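Peer 1: Next comes the sequence, and after it the predicted model I'd like to discuss.
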Amino acid sequence: MTQSTDPAQLLTQLFQSGQEFMRQTTAPWASAFASGSSTESGAPSNPLSDIAEAQRRALESLTAFWSGGLLGGAQAVDDKRFAADAWAKDPRMDMVRRAYLSYSDFLRNSVESSAVDEKTKEQMRFGVRQFIDAMSPSNFLVTNPEAVQLAMETGGRSLTEGVALFMEDMAKGRVTMTDEKAFQVGKNLAVTPGAVVYENPLIQVIQYTPATAQVYERPIVMVPACINKFYILDLQPENSFVKHAVEQGYTVFMVSWRNVGSELGHLTWDDYLTQGIIAAIDVAREISGCERVNTLGFCVGGTLLASALGVLAANGEKKVESFTLLTTLLDFADVGEIGSLVSEQGVASKEATIGKGGLLKGKELSFVFSALRANDLIWQYVVNSYLKGKAPPAFDLLFWNSDSTNLPGPMFCWYIRNYYLENRLPQAGKTIQCGVPVDLSDIDIPGYLYASREDHIVPWTSAFASRRLLGGQTTFVLGASGHIAGVINGPVKNKRNYWADGFSNEDAESWLDTAKSVPGSWWPHWSEWLSRRSGSRVAASTRLGNDKYTVVEPAPGRYVIEPAE
């Protein structure tokens with residue numbers, strides 16, 4: 001293949017070559033299925049025999065291609081898609097696997113050797129990987145020996161059940177990743193006792209019922225990501241971050257973002273700061289009687305929180321004693337692979353369509369994040385559900401992940417341009433928010449920064465970079481695992497580990513080299529840090545809210561159960 005220096009042409013060449021490869025691979029199967037479902041004698045055929053025959057003819061037609069030097073020697077592959085013995089026992093399937101892996105390497109290497117800038121190369125890597133992942137032989141019935149064997153063993157029942165699961169997902173418009181009937185918000189998720197004590201069109205504020213006779217006098221306001229529902233922090237009792245905090249004697253207030261509909265499609269980033277975070281802080285201050293409260297933000301909730309703290313600092317308002325940022329970006333110089341999806345052209349297109357009003361649909365965002373880990377979050381469910389007829393098991397994290405949330409167009413467009421595309425937040429005064437220039441170095445209160453080592457959405461080194469931007473003393477902790485599983489790692493099961501007490505404030509790798517590895521959950525470490533900033537212990541109140549902020553409804557409130565449009 002002659003390599004072009006133009007990235008668009010190169011991608012076209014790569015995909016055309018890949019499509020030709022897949023055409024050679026699938027044409028015999030396609031013609032076999034197109035030939036009808038009857039034998040030459042006119043008698044009905046056995047669908048399983050047809051599959052096997054189509055597979056045999058396809059493999060025979062590709063023998064010359066495979067023996068032409070593409071495969072080379074034996075390949076040792078650590079790939080769970082091909083981990084079953086069936087791939088190795090059947091030499092034909094082993095050849096299919098090898099052909100696919102070899103061609104995948106060829107496509108990836110072609111991208112790496114292309115003469116384009118790094119930004120373009122990142123975009124090409126993403127596009128090529130989507131193609132490679134989608135074309136895996138494990139994703140197709142006739143080239144998945146596990147699925148074929150299961151169909152034969154069950155007399156075709158697995159295929160029938162797979163079709164039924166496929167039709168259910170077609171009606172939903174998405175791939176199901178968990179048994180969604182196993183969970184219900186307010187029944188077995190988000191069940192920590194409490195009540196909504198304030199609401200406006202954008203948020204509800206939940207105050208949780210004390211679980212101890214005495215509580216710390218200074219409460220904590222939690223700000224979850226607005227691109228998902230708040231109950232990631234209050235899943236089932238054994239892994240609820242909220243329940244753990246309440247049991248440690250903290251009075252917890254939670255922001256529950258509205259799943260906005262078209263009537264709120266005009267809301268801006270500033271609205272999320274004023275009507276959302278600052279409003280919740282004021283509610284907690286007035287109910288608790290404390291001049292200053294502690295705060296916590298998760299993911300983009302942390303970015304919103306830091307922005308709000310910058311606004312308060314610019315206005316000379318001292319309403320917050322400390323802040324915790326969980327897997328949060330403030331410096332967007334390196335945002336990992338998601339950065340390959342952000343371009344001037346793409347942002348301008350969104351601004352033109354929804355920038356002055358409208359919605360970014362939750363399903364659109366959900367698909368983008370799933371595409372970052374397509375094999376784990378898309379294709380394995382396609383294979384298990386549609387090809388093998390196995391409904392996914394119950395998993396609370398994936399139920400939450402599928403519970404998508406809409407965002408107002410103006411808010412999203414401002415965020416994606418000023419932060420992801422132009423990285424203005426680290427530059428003092430380069431963003432005007434709520435009418436004032438924001439400088440993160442003005443935030444001179446203690447901060448607890450948590451990152452996950454295998455996070456593919458917020459690279460941990462980028463989360464570490466927040467330390468040089470903030471004006472106060474920061475404590476950095478690095479947990480094992482990824483963006484969600486690293487955070488939601490309660491002490492009950494004593495899983496994983498975390499790193500703490502590294503020496504460097506400037507260099508992430510130097511910090512890790514000197515940090516101590518501690519087994520188990522990071523939650524107790526955080527709780528001990530927070531206790532020193534929460535005042536003395538006082539008798540817990542038996543009342544939620546106060547005369548001004550009366551109970552609206554029991555937790556978790558109605559905003560969290562509103563579905564996306």
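Peer 2: Arrived safely, thanks for sending.
Peer 1: which stretches of the stretch 51-200 of the chain have low pLDDT?
Peer 2: Along the stretch 51-200 of the chain, the model assigns pLDDT under 70 to residues 51-77.
Peer 1: Need the nearest residue in space to the residue positioned nearest the centre of the chain, chain neighbours excluded.
Peer 2: Closest to where the C-alpha atoms of the chain average out (C-alpha atoms, centre = their mean) is Phe369, at 5.4 Å. Distances taken as C-beta to C-beta, 6 or more residues apart in numbering place Ile457 nearest to Phe369, at 7.1 Å, with adjacent residues excluded. (C-beta placed from N, C-alpha, C; glycine too.)
Peer 1: Neighbours of that neighbour, how many?
Peer 2: By the criterion of other C-beta atoms under 10 Å, Ile457 has 19 neighbours.
Peer 1: gap between it and Cys299?
Peer 2: 7 Å (C-beta to C-beta, to the nearest Å).
Peer 1: Find residues that contact each of those two.
Peer 2: Thr327, His483 (C-beta atoms under 8 Å, 6 or more residues apart in numbering).
Peer 1: coming back round to it: check the secondary structure at the residue nearest to the centre of the chain for me.
Peer 2: helix (DSSP: H, G, I helix; E, B strand; the rest coil).
Peer 1: Tell me the spacing between it and Val255.
Peer 2: Phe369 is 21 Å from Val255, by C-beta to C-beta.
Peer 1: same question, Phe166
Peer 2: To Val255, Phe166 is 38 Å away according to C-beta to C-beta.
Peer 1: Just want to know which of the two has more residues nearby.
Peer 2: Each of Phe166 and Val255 has its neighbours counted (other C-beta under 10 Å); Val255 has more, 28 against 16.
Peer 1: thought that one was touching Phe230?
Peer 2: Yes: counting by C-beta atoms under 8 Å, Val255 touches Phe230, with 6.7 Å between them.
Peer 1: list the residues that contact both of those two?
Peer 2: Met222, Pro224.
Peer 1: and Ala394, that one's in a strand?
Peer 2: No: going by three-state DSSP, the assignment for Ala394 is coil, not a strand.
Peer 1: Show the contacting residues for the residue nearest to it when sequence neighbours are not counted.
Peer 2: In space, and not counting its chain neighbours, Ala394 is closest to Ala182: 3.6 Å by C-beta to C-beta, 6+ apart. By C-beta under 8 Å, 6+ apart, Ala182 lies in contact with Asn188, Ala394, Phe399.
Peer 1: and of those residues, the nearest to Leu150?
Peer 2: Among the contacts of Ala182, Ala394 lies closest to Leu150 (C-beta to C-beta), at 21.8 Å.
Peer 1: What about that closest one, how many residues nearby?
Peer 2: Going by other C-beta under 10 Å, the residues that sit close to Ala394 add up to 14.
Peer 1: Isn't it up against Thr178?
Peer 2: Yes: between Ala394 and Thr178 there is a contact at 6.0 Å, judged by C-beta under 8 Å.
Peer 1: Quick one: residues contacting Arg285.
Peer 2: Glu291, Arg292, Val293, Lys319.
Peer 1: JSON lines please, covering the residues you listed and showing neighbour count, distance to Gly409 and pLDDT.
Peer 2: Shown next, in JSON lines, are the contacts of Arg285 (neighbours: other C-beta atoms under 10 Å; distance: C-beta to C-beta, whole Å; pLDDT from 0 to 100):
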{"residue": "Glu291", "neighbour count": "10", "distance to Gly409": "37", "pLDDT": "97"}
{"residue": "Arg292", "neighbour count": "17", "distance to Gly409": "35", "pLDDT": "98"}
{"residue": "Val293", "neighbour count": "24", "distance to Gly409": "31", "pLDDT": "98"}
{"residue": "Lys319", "neighbour count": "19", "distance to Gly409": "30", "pLDDT": "98"}
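Peer 1: For those residues, which two are the farthest from each other?
Peer 2: The widest separation within these (C-beta to C-beta) is 8.6 Å, between Glu291 and Val293.
Peer 1: Now the common contact residues for the two.
Peer 2: Joint contacts of Glu291 and Val293 (C-beta under 8 Å, 6+ apart) are Arg285, Lys319.
Peer 1: Check the burial of Ala211 by counting its neighbours.
Peer 2: A count of nearby residues for Ala211, using other C-beta under 10 Å, gives 17.
Peer 1: And Lys181, by the same measure?
Peer 2: Neighbours around Lys181, by other C-beta under 10 Å: 9.
Peer 1: give the contact list for Val382.
Peer 2: Asn139, Val175.
Peer 1: Under the pLDDT cut-off, which ranges of the stretch 251-400 of the chain? List them.
Peer 2: Using pLDDT under 70, nothing in the stretch 251-400 of the chain is flagged.
Peer 1: Strands of that one, start to end?
Peer 2: 252-257, 293-298, 320-326, 359-360 (DSSP state E, counting those that start in this stretch).
Peer 1: do you know which of the ones you listed lies nearest Ala540?
Peer 2: Per C-beta to C-beta, nearest to Ala540 of the strands of the stretch 251-400 of the chain: strand 252-257, 12.2 Å.
Peer 1: Tell me the helices and strands packed up against that closest one.
Peer 2: strand 194-199, strand 203-208, strand 220-223, helix 241-247, helix 279-288 (3 or more C-beta pairs under 8 Å, 6 or more residues apart in numbering; DSSP states H and E).
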